[in-house]
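Novice: Show me how the following folds:
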Amino acid sequence: MIVTLLLLPILGSLYLATIPENSIENKNRMKRIALSTSLITFVCSLYLWVEFDSNISQYQFVYEFDQLTFCHFNLGIDGISLYFVILTTFVTPIALLSNYSNITNNLKYFLISFLILESLQIGLFVVLDLFLFYVFFESILPLFFIVIIIYGSGEARIRSALLFFLYTLAGSLFMLLAILQIYNYVGSTDFQLISLHEISLDSQKILWLAFFLALAVKTPLWPFTGWLYRAHADSPLAGSILLAATVLKFATYGYLRVLINFLPDASNYFSPLIQTIAIVTLIYASLATIIQQDTKALIAYSSIAHMSIVLLGIFSNSIQGIEGAILLALAHGFVSPALFICVGGIIYERTGTRVINYIRGLATYMPVFTILFFIFTLANTGLPLTLNFLGEQLSLIGIWERSPIIAAFGATSIVLSACYSIYLYNRLSYGVYSPHLKPVKDISRREFILLISLLLPTVLLGIFPNVILESLHLSVTSLLFNI
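Specialist: Coordinates of the predicted model:
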C-alpha cells in the first residue's frame, strides 16, 4: 500500500507528460488529471489510517527491496509518520487548487512538479533507511528551486530561490557526513539496526551536532531564518502552502526519528542548548513578525515562532510534550496554508498588493471572507477548541515538567502571536475602505472550498484530539529516554 502511495503521483505525472499543452481544453484536462491523482492518493492514505493498528509499536505496512548494494530500500510507517503522510496527501490537492486558475504558462511542468514533490515528501516520511532519508530530505530542493524561479511573483525570486537552495544544501552536508560515520560504526544505515547499536556519548555528541545543524536550517531556527520569509514571499501560492504545511515538518520529523531515537544521550545532554535556541528564535521571530509590512512575510515569520514551540515540546522528554509538538505541527499544517491562501491568494489576486498599508476595510465588500479570515486568525493565536490550542498547551505543559522557566518564556508566544495576528486582521479588514483599491468581490466557490477544507480538521481535531492521540501513544512512549 505504501508503494502505491509513492507511485500514484509519479504515474500521474508521467501521464501528464504525454498530453500536449496546445489548447485550453488540454490544459483543463491536465488540471483535472493532476487534481484527481492527488485526491486518489489522499484516499489511499486514509485507507492506511483505517487499517493502522494502534496497539502495535512496530512499523506497519512494511515493504522491502534489498537488491540495492548501497542502501536498504525499506519502507514502513508507525504512529508518528502516519500523520505526516496524511498531512502531505491532504495538502497537495489544496496546493493544486490554490493556483488552479492563475497558472497558464508552462502549466504541464507546474502540475508535474507538484505531483513529483508529493511522492518525494511521502518518501521521506516512510523510508526506514538513514541514507534514503537524506536522499528524500534533499530531493525537493531542485524542484522547489525551479518552481520559485519560473512561477514565483517577486522581483527577487532568483535570489530567494538561491538562498533556499544554498542554506538547506549547505546545512545538510553535515548530515551526510554524520550518516557516513554512522555507517562506519554500525555497518548499515537501516533504522532498526541503528537503534539496536550502542554509540558512545562522545560520538553521539558529534553526530548530534551534525544532524542538528541540518535540521535547524530546515526548521528554521535562529540564526538560519533568512531564507524562509524570502522563499515564501517570492514563491507561487501553491509553493508557499507546501513549504508551510509539509517542508517545515521535515525537521520536526527528523528530530523525532533521528536525534531522539538514535542519539538519546546526546539529546538529553544538549537539551539546555535546544531550549535556549528555541526561546531566542521564538522571541526574535515574534518581534520580527510584528513589524512586517508584507502579508506573506508576516505569516512566514509567524511560522518560525510556532515551530519554536514545537521544538520545545519535542525535547521535553515527556509524553505530553512530544504529542503536543506533533499536534501543533499538524495544526500549523492546516492553519498556516489557510492564512497564505487568505493573504497571498484571495487578497493579493483582488488588490494586486501585499503591502499592509495599502489594504484596509475589506469587510465592506468581503463579509464571508472576513469571517473565515477571523476564524483562522484566532486559530493561529491558539484559540480553545482548535488543534493549535491543544498542541501549544501540551507542548508547554511538557516543557514545564522539565524547566518551568523555559516554559514561562515559551508561554510569551501566546501574547505575541495574539499581537501580530490580531493586528494583521484588524488592519486589513476594518476601517474606512482604502482609497488605493477598487471595489472587490467576495470569495469564489473554489476559494470557499479551500478554506472550509482546512477549517474542518482544525476544529474537529481540536474537539476530538483522541482520534490522533490514540495512535501516537505507543510510538511516542518508545521515544522517551531515561535520565
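
Novice: ranges for the helices of the stretch 251-400 of the chain?
Specialist: Under the criterion DSSP state H, counting those that start in this stretch, the stretch 251-400 of the chain contains helices at 261-262, 264-269, 271-290, 295-314, 319-340, 348-351, 367-380, 387-400.

Novice: Give me the contacts around the first one.
Specialist: It refers to helix 261-262. Helix 261-262 has contacts (Cβ atoms under 8 Å, 6 or more residues apart in numbering) with I182, F191, I194, S195, I199, L479. In this view, the C-beta of every residue, glycine as well, is placed from N, C-alpha and C.

Novice: Mind checking which of these are in helices?
Specialist: I182, F191, I194, S195 (DSSP state H).

Novice: residues contacting P457?
Specialist: P457 makes contacts with F90, F334, L387, as judged by Cβ under 8 Å, 6+ apart.

Novice: Take those residues and write them to JSON lines, including distance to A216.
Specialist: Converted to JSON lines, these look like this (distance: Cβ to Cβ, whole Å):
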{"residue": "F90", "distance to A216": "27"}
{"residue": "F334", "distance to A216": "24"}
{"residue": "L387", "distance to A216": "25"}
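
Novice: any idea which of those is closest to G431?
Specialist: F334 (28.8 Å; Cβ to Cβ).

Novice: Tell me, how many residues neighbour that closest one?
Specialist: For F334, the neighbour count with other Cβ atoms under 10 Å is 27.

Novice: ditto for the one 10 residues further on
Specialist: Using other Cβ under 10 Å, G344 has 27 other residues around it.

Novice: residues touching it, list them.
Specialist: Taking Cβ under 8 Å, 6+ apart, one finds L237, S240, T295, K296, I299, R354 in contact with G344.

Novice: how close does it sit to A379?
Specialist: Distance, G344 to A379, using Cβ to Cβ, to the nearest Å: 17 Å.

Novice: and F212, which of the helices of the stretch 251-400 of the chain is closest to it?
Specialist: helix 271-290 (8.0 Å).

Novice: hmm, who's touching the closest one?
Specialist: With Cβ under 8 Å, 6+ apart as the contact definition, helix 271-290 has outside contacts at 212, 216, 221-222, 225, 298, 301-302, 304-305, 308-309, 311-312, 315, 317, 399, 402-403, 406, 409-410, 412-413, 416-417, 419-420, 423.

Novice: Now list the buried members of those.
Specialist: With neighbours counted by 16 or more other Cβ atoms under 10 Å, the contacts of helix 271-290 contain buried members at 212, 216, 221-222, 225, 298, 301-302, 304-305, 308-309, 311-312, 315, 317, 399, 402-403, 406, 409-410, 413, 416-417, 420.

Novice: so where do the strands sit in the protein?
Specialist: Per DSSP state E, the chain carries strands over the ranges 60-65, 73-77.

Novice: In the sheet, which strands lie alongside the first one, parallel or antiparallel?
Specialist: Right, the one you point to is strand 60-65. As defined by DSSP bridges, the strand partners of strand 60-65 come to strand 73-77 (antiparallel).

Novice: what's the spacing between the strand it pairs with and its chain's center?
Specialist: Taking Cα atoms, centre = their mean, to the nearest Å, one finds strand 73-77 lying 21 Å from the centre of the chain it belongs to.

Novice: In it, which residues are buried?
Specialist: For strand 73-77, by 16+ other Cβ under 10 Å, it's N74, L75, G76, I77.

Novice: Check the residues you listed and tell me the two furthest apart.
Specialist: For these, the maximum inter-member distance is 11.7 Å, found between N74 and I77 (Cβ to Cβ).

Novice: Test my guess that Y358 contacts L428.
Specialist: No. Y358 lies out of contact with L428 (Cβ atoms under 8 Å); the separation is 10.2 Å.

Novice: Give me the more crowded residue out of those two.
Specialist: L428 (24 against 14).

Novice: tell me the contacts of the more buried one?
Specialist: By Cβ under 8 Å, 6+ apart, the contact list for L428 reads T295, V343, I347, I356, I359, R360, L362, F373.

Novice: Could you do T104 as well?
Specialist: Listed by Cβ under 8 Å, 6+ apart, the contact set of T104 reads K27.

Novice: Ok, the one 10 residues further on next?
Specialist: By Cβ under 8 Å, 6+ apart, F114 lies in contact with A34, S38, T92, A95, L96, V147, A238, L242.

Novice: Number of residues surrounding the second one?
Specialist: It stands for S38. Neighbour count of S38, defined by other Cβ under 10 Å: 25.

Novice: and the gap between L166 and G226?
Specialist: The gap separating L166 from G226 is 11 Å, by Cβ to Cβ.

Novice: got TSV for the contacts of L428, with neighbour count and distance to K441 too?
Specialist: Below are the contacts of L428 laid out as TSV (neighbours: other Cβ atoms under 10 Å; distance: Cβ to Cβ, whole Å):
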residue	neighbour count	distance to K441
T295	24	19
V343	23	17
I347	22	12
I356	17	21
I359	23	15
R360	20	17
L362	26	11
F373	26	15
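
Novice: I'd like those laid out as JSON lines, including pLDDT and distance to E64.
Specialist: Putting the contacts of L428 into JSON lines (pLDDT from 0 to 100; distance: Cβ to Cβ, whole Å) gives the following:
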{"residue": "T295", "pLDDT": "83", "distance to E64": "47"}
{"residue": "V343", "pLDDT": "87", "distance to E64": "45"}
{"residue": "I347", "pLDDT": "84", "distance to E64": "49"}
{"residue": "I356", "pLDDT": "80", "distance to E64": "53"}
{"residue": "I359", "pLDDT": "82", "distance to E64": "54"}
{"residue": "R360", "pLDDT": "80", "distance to E64": "59"}
{"residue": "L362", "pLDDT": "80", "distance to E64": "54"}
{"residue": "F373", "pLDDT": "89", "distance to E64": "47"}
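
Novice: Just want the phi and psi numbers for the residue of the chain positioned farthest from its centre.
Specialist: Distance from the C-alpha centroid of the chain, by Cα atoms, centre = their mean, peaks at P435 (36.9 Å). P435 has phi and psi values of phi -70, psi -10 when expressed as degrees, to the nearest 10.

Novice: all numbers from here: first residue = 46
Specialist: OK, 46 is where the count begins now, so the last one is P480.

Novice: show me where pLDDT drops low in the stretch 96-245 of the chain?
Specialist: Low-confidence segments of the stretch 96-245 of the chain (pLDDT under 70): 111-117, 199.

Novice: Apply 80 and report the result again.
Specialist: Scanning the stretch 96-245 of the chain for pLDDT under 80 picks out 98-99, 101-102, 107-118, 145-152, 197-202, 205, 231-237, 239-241, 244.

Novice: ok, now the stretch 246-395 of the chain?
Specialist: Applying pLDDT under 80 to the stretch 246-395 of the chain picks out residues 270-274, 277-278, 339.

Novice: and F135, what does it touch?
Specialist: F135 touches F87, S90, P502, counting by Cβ under 8 Å, 6+ apart.

Novice: Turn these into TSV, columns for pLDDT and distance to R204.
Specialist: Below are those laid out as TSV (pLDDT from 0 to 100; distance: Cβ to Cβ, whole Å):
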residue	pLDDT	distance to R204
F87	90	34
S90	88	36
P502	91	35
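
Novice: Filter those residues down to the ones in helices?
Specialist: F87, S90, P502.

Novice: is it true that I364 touches S520?
Specialist: No. Using Cβ under 8 Å as the test, I364 is too far from S520 to be in contact (10.7 Å).
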